[in-house]
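Novice: coords please:
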Amino acid sequence: MRCDHCANDVPDGVFCTRCGAHQGTTGELAKAKTRSHRYAAHPAEHVVQPSVFTTIFPHLGHQKVHEFRWAFVVGLAGIAVLYVAGLIAAAILVAIFLVPVLYLIYLYEAQVYRDEPATVLGFTIGGGAVVGLVLSLIVRALDNPYPSFGNPLHPTSINIGLLLFLGVLVPVVQEAVKPLPALFLPKRSEFPETVDGLVFGIAAGLGFSVAESLVAFSGALTGLPAHLAPGNWIYDLVTLAIFQPLVQGSATGMVVAAVWRYRRGRLGQRELGGVAMAVIAHVAFTLGTRTLSDAGVAQPFVLIWQAAIVGAMLIYVRYLLHHALLEEAAHMGFAETVCPNCHMHIVASGFCPNCGVALTAAPTSVKRARKPAVAKS
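Specialist: Predicted structure coming up:
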């Protein structure tokens, strides 16, 4: 068949395998081409859907996404059990490591970078942790802000100058240094796609989050008794387990993805907006959290503020990645392969003609298994 959008002869299917457009939508050509109702990494979802796992785990197929969701729920349940049992220090540790450990499992489970695991993990998660440790210790040496971050052991207040330092300057500096491990990754030319940059950035951001949280709660981890009344620690645990790693990972992912686009000569308003979004959202998250806490606002409202910021960041990550995938998949030649999302055996170029997933979002092992083929019209 001939695609109505790119005018190429492509295999018959629901989606054009060359440009990814949704076929059979007469009168809605622009909508079919941009296909915002079909997220390129996970076509069953809309682009404007703040789904955590289909955003930060773009290589996972539909079935694997559900497995990671259940693993996350089990981890949250474990934190809740430790909290109720009064094992607060243990709950803090599990909360800090929950999302980063799931990301490590994702990188191996999806075989994202099977041939370079040590290098990729060392320069992203490991490098992010080192940068986070150094920067967090420097901030603590300049002023010890962390006991006032929702820690009931130290109910101190923060003056305006210190609030601006911690809520504005520190997040901006963090967004300048967090991407460094991913940007200096050896052999990064072997991973040219924007989705690669996004994953590297998220990994570096999660490593940074681990180090920052460990330094922030080091006093609690070493000073709390083995067992104590749960109190209000549940709010800190929610932030540590969900919102803090997602903010750090998403922000760094957007910055590194923009750098990857720049290296391809495709830096535009969308990518510059991603960098701006990363900085503004991080500042809003930190400054808003501390301001609301200092003002005595109830902790559930603080969590609502954090959730709103994280949701907006996830949507922008999806928007940035979606359009990058639609553009970059067009260069792929026809080949025989197995779709990583719907598992159909297909002859395709950049998109699965059956489900529409962008094949540039497939794990590296799947891409290398492609067998060149001649498409039939």
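Novice: and residue 9, what are its bridge partners?
Specialist: Residue 9 has these beta-bridge partners by DSSP bridges: residue 2.
Novice: for it, the count of nearby residues, please.
Specialist: Residues lying near residue 9 (other CB atoms under 10 Å) number 11. C-beta coordinates here come from the backbone N, C-alpha and C atoms, glycine included.
Novice: what's the pLDDT at it?
Specialist: Listed pLDDT for residue 9 reads 75.
Novice: isn't it up against residue 1?
Specialist: Yes - Residue 9 is within contact range of residue 1, at 7.3 Å (criterion: CB atoms under 8 Å).
Novice: for stretch 79-90, which positions count as buried?
Specialist: 79, 80, 82, 83, 86, 87, 88, 89, 90 (16 or more other CB atoms under 10 Å).
Novice: and those, which two are furthest apart?
Specialist: Between any two of the buried residues of stretch 79-90, the greatest separation by CB to CB is 15.4 Å, found for 80 and 89.
Novice: helix or strand for residue 230, which one?
Specialist: Element membership of residue 230 [criterion: DSSP states H and E] is none; it lies in no helix or strand.
Novice: now it, nearest residue through space, not along the chain?
Specialist: Residue nearest to residue 230 in three dimensions, not counting chain neighbours: residue 83, with 5.3 Å by CB to CB, 6 or more residues apart in numbering.
Novice: the one you found and residue 240: what is the separation?
Specialist: As defined by CB to CB, to the nearest Å, residue 83 lies at a distance of 11 Å from residue 240.
Novice: quick one on the thing from earlier: and of the buried residues of stretch 79-90, the nearest to residue 196?
Specialist: residue 79 (31.4 Å).
Novice: now do stretch 171-184, average pLDDT.
Specialist: Across stretch 171-184, the average pLDDT comes to 93.
Novice: buried residues, the helix or strand containing residue 176. List them.
Specialist: For residue 176, the host element (DSSP H and E) is helix 170-177. Across helix 170-177, burial judged by 16+ other CB under 10 Å covers 170, 171, 174, 175, 177.
Novice: equivalent analysis for stretch 273-290, please.
Specialist: If you call a residue buried by 16+ other CB under 10 Å, then stretch 273-290 has these buried ones: 273-275, 277-290.
Novice: before we move on, what about stretch 10-20?
Specialist: 10, 11, 13, 15, 16, 17, 18, 19, 20.
Novice: low-confidence ranges, the stretch 101-250 of the chain, go.
Specialist: By pLDDT under 70, the low-scoring segments of the stretch 101-250 of the chain are 111-112, 114-118, 143-159.
Novice: what ranges do the helices span in the stretch 51-200 of the chain?
Specialist: With helices called from DSSP state H, counting those that start in this stretch, the stretch 51-200 of the chain shows them at 53-56, 62-84, 88-109, 117-121, 127-142, 160-164, 170-177, 180-183, 194-216.
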